[in-house]
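Enquirer: have a look at this fold, sequence not included:
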């Protein structure tokens, strides 16, 4: 007898083992038709899987949360079959699902072209129409090596030959085509549907090693239905329009160049945006009781070894040698903050101590991973560490979560998701310490009233963390803020305070950031607003533009009034048509244009034109300046 517990709590009893397909059919013909896979005790398996014990079981359909990964994996296999049908002699390597779709790496002497993608996509649709059955087979290692070699698949043969001989090999046969794979997969290619699209070509190396043969990678995306595919493609189109690198050029904010790869050349307007972000968060932190410090850029490797960062992050650290010593540019601020905490004697009465730094950090990111402001080698973190007693963890964590949500609302992000990242496989500290840390952080986030999802194994090496994820104007998610609870680093770096009992105790260390880095947060804001910043944040808030040259003197008076009110303004006195000026400043995303001519000069008025607006409003100069100065006030003012 096998007892199956369904998601709604209902029990189904079978007098023999039952497959996922049979279970779906027993529940109803509609479910049997819609079934893609089965989830047994939390693990997704092929629909043909036989359940021979009591279990909790879900039938995976297209609307199930696990369906998308299944579709992406199968789309990669269907694409690989299509490629080998169209281009005989092409070798397959591997093709996983990704966050937005799938890819497959191929070995082929001739380069694929964009036209080839159309042909491959058409053949994929034919394979879906053929509704080829997909079934799992178990081979022994030598059998698999022999088959792949006989069929010219040298890369697969190499990979399989390194698997221990006693291990069984999982093969999925898709019609007449097959591939090495652990699964799970759909029951047939027809279940994939046709809501997919091949996106682009790229290069790759076998096993990710530049010393190995170069491969060709084809990327694609797939969704449960055409509507979701269309939404995704529209999001990509919107993202391209909002690309911060293009807008950065058009708005004159910053640039990058090879001589300083991964570091930003901030132009005057871009540095104004940078300073606005820094000034805003500095004000918020000051009101929340933080003190600001500054720690060295170059620190001897001995401190990084003591903290544990040398073993964990050495590959990403820039180093220099001098006088037989090895120094490292700091990739993070925390060990330096512990050194400040250790100076003198700290009493429990001094806690919590909230120590902030706009610390310039350097990380040796791979050149291929660099991406505008979003992934850099030199960054400034809005970093802070809270040293507190264990009894203060909850109050400090709740206060931080409240501050973080206030900051995000000020920048137009009303939706924040929280991920709870628990202990990674490689970590510092005992299991008992991690048990305490995870329990304390979980209690804190629940006290803050924030729902969260668990992100297994993604904690920092010294403690669990909360990751705060924003959703931008076009629905993309960005992980920005973090709160990490650390019992380990104070122990490793010998930080202590004198407790009420007169004895030494270890402080708890809360690592926290809200922006993450000023560079990346600036990039996110540029794309979120598509460059159309709210007035308080705009690097250039107002341009005073003349219609005719006889209004030049009055335009200067207008700018002087704006300057006196603290607004960031420029003059445009060029001998160009006003329509040209309006178009040019609109491209530069200037929020407000004050247009003046002879009539405005005589009446001491201005014509106010808003970015993206078709109408203009005529106001007295004093009224216009007052309205704009009120609107331009920082939320932290």
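Expert: Good, I have the coordinates. What you see is a predicted model, and the numbers here were worked out from it, not measured in a lab. Residues are numbered from 1 along each chain as shown.
Enquirer: C-alpha only now, for contacts and for neighbours.
Expert: Will do.
Enquirer: and the pLDDT at the residue positioned nearest the centre of the chain?
Expert: With distances taken as C-alpha atoms, centre = their mean, residue 478 lies nearest the centre of the chain, 4.4 Å away. On pLDDT, residue 478 comes in at 94.
Enquirer: just say helix, strand or coil for it.
Expert: What DSSP: H, G, I helix; E, B strand; the rest coil gives for residue 478 is strand.
Enquirer: contacting residues for it?
Expert: 469-472, 524 (C-alpha atoms under 8 Å, 6 or more residues apart in numbering).
Enquirer: in helices, which of those residues fall?
Expert: Within the contacts of residue 478, residues falling in helices by DSSP state H are residue 524.
Enquirer: closest to residue 535 among the contacts of residue 478?
Expert: Residue 535 has its nearest neighbour among these in residue 524, at 17.2 Å by C-alpha to C-alpha.
Enquirer: burial count for that closest one?
Expert: By the criterion of other C-alpha atoms under 10 Å, residue 524 has 22 neighbours.
Enquirer: in this structure residue 12 contacts residue 22, no?
Expert: No. When contacts are counted by C-alpha atoms under 8 Å, residue 12 is not listed as touching residue 22 (11.9 Å).
Enquirer: ok, back up a step: farthest-apart pair in the contacts of residue 478, please.
Expert: 469 and 524 (12.0 Å).
Enquirer: for residue 468, the count of nearby residues, please.
Expert: Residue 468 has 25 neighbours, counted by other C-alpha under 10 Å.
Enquirer: quick check: beta-bridge partners of it?
Expert: Beta bridges link residue 468 to residue 418 when assigned by DSSP bridges.
Enquirer: could you check how far the residue nearest to the centre of the chain is from residue 472?
Expert: Relative to residue 472, residue 478 is positioned 8 Å away (C-alpha to C-alpha, to the nearest Å).
Enquirer: again with residue 211
Expert: With C-alpha to C-alpha as the criterion, residue 211 and residue 472 are 40 Å apart.
Enquirer: domain ranges for the protein?
Expert: 2-60, 67-238, 289-522, 542-631 (automatic domain parsing).
Enquirer: and of these, who's closest to residue 536?
Expert: domain 542-631 (7.0 Å).
Enquirer: end-to-end on the closest one?
Expert: End to end - C-alpha to C-alpha - domain 542-631 spans 12 Å.
Enquirer: check stretch 240-259 too.
Expert: One end of stretch 240-259 to the other measures 26 Å (C-alpha to C-alpha).
Enquirer: with stretch 330-343 instead?
Expert: Terminal-residue distance, stretch 330-343 (C-alpha to C-alpha): 20 Å.
Enquirer: how about that stretch: buried residues?
Expert: In terms of neighbour count (16 or more other C-alpha atoms under 10 Å), stretch 330-343 has its buried residues at 330-338, 341.
Enquirer: pLDDT on it, on average?
Expert: 95.
Enquirer: stretch 562-574 too?
Expert: For stretch 562-574, the mean per-residue pLDDT is 96.
Enquirer: and if you look at stretch 456-472?
Expert: Here the average pLDDT along stretch 456-472 is 90.
Enquirer: which residues sit against it?
Expert: 413, 415-429, 434, 437-438, 441, 477-489, 528.
Enquirer: and the strands in the stretch 1-150 of the chain?
Expert: 2-5, 11-14, 18-19, 37-40, 43-46, 50-51, 55-60, 91-92, 102-107, 134-140 (DSSP state E, counting those that start in this stretch).
Enquirer: ok, residues contacting the longest one?
Expert: The set of residues external to strand 134-140 that reach it, using C-alpha under 8 Å, 6+ apart, is 165-175, 185-189.
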